[in-house]
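S.K.: Generate a structure from the sequence data that follows.
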Amino acid sequence: MSRLAIVLMVLLAQLVLATLVLSVMVLDERPHPGPAPALTVADLERLRRQVGVPDPRRPSVSAVPLTLHPRDIDLLLQQGLQRALPDHGIGARVSLEHGAAWLRVSLRVPAGPLGKATTVGLRLESREGQLQAVAGSIGRVPINRWVLDHLWSLGQRFVLSPQALTALRAALAATSGWEIGRDLVNLRIQPQAELLGQLRGAGGSGGVLGAEQRARVDHYLAHIAARLGAAAGPGLVTVLQSVIGEAAARGGDARAENRAAMLALAVHASEKPELAARLLGISVPPGKPVIPVARGRQDLAQHWLVSAAITLEAGSGTADAIGVFKEVLDSRGGSGFSFADLAADRSGVRFAQAAIADPRRWQARVARIAGEADIIPAIDALPEKLQEPSFQRRFKARDNQAWAEMTAEIERRIDLCRFFAAPG
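M.R.: Below is the predicted model:
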């Protein structure tokens, strides 16, 4: 064997060994970090205390101070991961130290003998009130600033659309005063008039809705206006079968079509479609919103549709937390805590979970719904109009036996609905 052949064989063996070692260092059998903790009512309470209830129709012109704890950042990262990489994202976590933060995201990769997940890390430092990426990692392999800059350049060229890149830069430019401590992050958000438009216009996963998904939602909004706009208080099943029937007829990506159809119905149910149009960049045809009726009440249909749409967009845990939080707010001088509303919320969530599990089959099941009793439970004898003092006397902080029994009763009633009792 010639000396050249021996050298080539040695180099090839070293290359194979290096690839194997690198794979071992990059891949993991178990993802770390795992999924973030679920959103809770306490999280929403904390956010409301910090930022109040801003009116998107009259955006503020002054900087808004914001304090984020690690849990807040974990929840935000998890939501972003679910939207950006729904099929590959597993979990996201932040770890803080004085002046710096490590963001770590675990991603699914094709399963192999060396592992089925990898973890991508990014180290951010606060310098003169701004964030700077200074290092990174893939698995246990460190990445220096030079490599990080080149990876970012490749991402700008081949991953992010120009609109998404513009929105990302605008969002970062709207923040200032970054201060990273060991257990919190302080920053200021300066509202910019053009920022919302740039976020709406961001293509792909960079905006609130991607361009294709906005087009789908616009289609269903037009369908609702044309087919259901003249009806006065149509039944929930009527509007569902009309819109989901249209989704089935359009074919294509059933998951995306179902999401868009349910979001369009929720936009109408919100009673403020023009506000949703501003926030999401969608086109709502002129005319009164189409608000269906369930169990003889519009509010139950509204709760049901909005909870279903939130589940499809952000997950069932988020929808459940928002549903309870809304009732808690109602108990503080509003219409009162309503377990009937909560039953509508939970049945809407479970309806959407079926859509996530099997989008195409779900469309066929919706076509077979015989009446509203198939999808929304009976509400007789469920307590309503409970103001906070009365609620707390009976259910404490939603942690006693009475609360457990009431929520279990709601689930039992939902289980009796034909759609949930016979999921075939």
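S.K.: residue boundaries of the strands in the stretch 151-300 of the chain?
M.R.: Remark: strands of the stretch 151-300 of the chain, listed N- to C-terminal, are 175-180, 185-189; assignment by DSSP state E, counting those that start in this stretch.
S.K.: Now the longest one: buried residues?
M.R.: Buried residues in strand 175-180, counted by 16 or more other C-beta atoms under 10 Å: 175, 177-178, 180. For glycine as for every other residue, the C-beta is placed from the backbone atoms N, C-alpha and C.
S.K.: could you give me the average pLDDT of it?
M.R.: Regarding strand 175-180, the rounded mean pLDDT is 89.
S.K.: Ile356 is nearest to which of the strands of the stretch 151-300 of the chain?
M.R.: Comparison of these against Ile356 by C-beta to C-beta identifies strand 185-189 as nearest, at 32.1 Å.
S.K.: Tell me the buried residues in that closest one?
M.R.: Residues of strand 185-189 classed as buried under the neighbour-count rule (16+ other C-beta under 10 Å) are 185, 187-189.
S.K.: That strand - contacts with which helices or strands?
M.R.: The criterion is 3 or more C-beta pairs under 8 Å, 6 or more residues apart in numbering; DSSP states H and E, and the helices and strands that strand 185-189 contacts are strand 64-68, strand 175-180.
S.K.: mind listing what the residue most central in space within the chain touches?
M.R.: Using C-alpha atoms, centre = their mean, the residue of the chain that lies closest to the mean C-alpha position is Ala314, 2.4 Å off. Contact partners of Ala314, counting by C-beta atoms under 8 Å, 6 or more residues apart in numbering, are 79, 82.
S.K.: For Ile138, see how far away it is.
M.R.: Taken as C-beta to C-beta, to the nearest Å, the spacing of Ala314 relative to Ile138 amounts to 28 Å.
S.K.: and what of Ala321?
M.R.: In this structure, Ala321 lies at 33 Å from Ile138, with C-beta to C-beta as the measure.
S.K.: Arg108 belongs to a helix?
M.R.: No: the assignment for Arg108, made by DSSP: H, G, I helix; E, B strand; the rest coil, is strand rather than a helix.
S.K.: okay, now it: neighbour count?
M.R.: Arg108 is surrounded by 14 other residues when neighbours are defined as other C-beta atoms under 10 Å.
S.K.: for Gln392, phi and psi?
M.R.: As for Gln392, its main-chain torsions (degrees, to the nearest 10) stand at phi -70, psi -30.
S.K.: one step back: may I see the buried residues of strand 175-180 arranged in CSV, with distance to Arg145 as well?
M.R.: Compiled in CSV, the buried residues of strand 175-180 are given as follows (distance: C-beta to C-beta, whole Å):
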residue, distance to Arg145
Thr175, 21
Gly177, 24
Trp178, 18
Ile180, 18
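S.K.: Understood, closing this out.
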